[in-house]
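Trainee: Task: produce atomic coordinates for the following.
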Amino acid sequence: DLALGGTATQSSTLSSYYPAKAIDGNTASSVSFGSCSHTTQEYSPWWRVDLLAEYVIGTVVITNRGDCCSQRITGAEIHIGDSLDNNGNNNPRCVVIPTIPAGASASFTCNMMGRYVNIIIPNIYQFLTLCEVQVYEGPSIKWAFLRLKINSSEDLSNPTIKDNILQK
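Mentor: Numbering: from 1, shown residues only. Next comes the predicted model:
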């Protein structure tokens, strides 16, 4: 789980339900157990984990709150990328979450490159509660099977020029 080594932040914090509680390795789904993150009620609440390096993110697993209010996660979006523009919420979208049953964990396949994983409930005045977010690395490019095509006006039969281009 890449998220365990990351740092989390969110748009606001209700009481002591800090963003890091969603990446503490504990999937307990009752807010009263103290292992869930929780924003205040606000417009377009969001949560983000910085993985501290870029990865191919294969799967994101979200554990929803189980003690009440499970419908709040419906319509949330997962965004993945390397930009902090709009707090990372402008990164490409992996998925719109249809629903996650109370206390359940749902897995979403993304296979996207990025350093930041954001979860946002866009364009609505709502709370965002996450009891656990797990991020798993996906398949990386197998260099042995990579075929590179270079368009160049340089004479690639000259080994020095070819080496210089490949180093770039």
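Trainee: Please count neighbours and contacts with C-alpha atoms only from this point.
Mentor: Fine.
Trainee: in the chain, what spans have low per-residue confidence?
Mentor: Within the chain, the stretches with pLDDT under 70 are 141-157, 159, 161-168.
Trainee: what about the strands in it?
Mentor: In the chain, the strands defined using DSSP state E lie at 7-10, 37-38, 42-43, 46-63, 77-81, 93-96, 105-120, 125-126, 129-130, 132-137.
Trainee: Buried deepest among those, which one?
Mentor: Highest mean neighbour count among the strands of the chain (mean count of other CA atoms under 10 Å): strand 37-38, with a mean of 28.
Trainee: now what about that one, what contacts it?
Mentor: 13-14, 17-22, 127-131 (CA atoms under 8 Å, 6 or more residues apart in numbering).
Trainee: which residues touch Ile73?
Mentor: So Ile73 contacts 64, 97, 99-100, 121, 128-129 (CA under 8 Å, 6+ apart).
Trainee: if you set the cut-off to 7 Å instead, what comes out?
Mentor: Residues counted as contacts of Ile73 (CA atoms under 7 Å, 6 or more residues apart in numbering) are 99, 128.
Trainee: same thing with Asp82?
Mentor: Applying CA under 7 Å, 6+ apart, the residues contacting Asp82 are 114-116.
Trainee: Just among the contacts of strand 37-38, which is most surrounded?
Mentor: For these, neighbours were counted using other CA atoms under 10 Å, and Cys131 has the most, 31 neighbours in all.
Trainee: Nearest spatial neighbour of that one, chain-adjacent residues omitted?
Mentor: In space, Cys131 comes closest to Cys36 once its chain neighbours are excluded; the distance is 3.9 Å by CA to CA, 6 or more residues apart in numbering.
Trainee: Kindly report the same for Asn123.
Mentor: Using CA to CA, 6+ apart, the nearest residue to Asn123 is Ser44, at 5.2 Å.
Trainee: re earlier: thinking the residue nearest to Cys131 is in contact with Ala20, fair?
Mentor: No - look at Cys36 against Ala20 with CA atoms under 7 Å: they stay out of range, at 8.5 Å.
Trainee: Tell me the bridge partners for the residue nearest the centre of the chain.
Mentor: Centroid-nearest residue in the chain: Val117, 2.0 Å away (criterion: CA atoms, centre = their mean). Applying DSSP bridges to Val117 yields these beta-bridge partners: Val49, Ile80.
Trainee: quick revisit: for the residue nearest to Asn123, give me phi and psi.
Mentor: phi 50, psi 60 (degrees, to the nearest 10).
Trainee: mind listing what it touches?
Mentor: Counting by CA under 7 Å, 6+ apart, the residues that Ser44 touches are 120-125.
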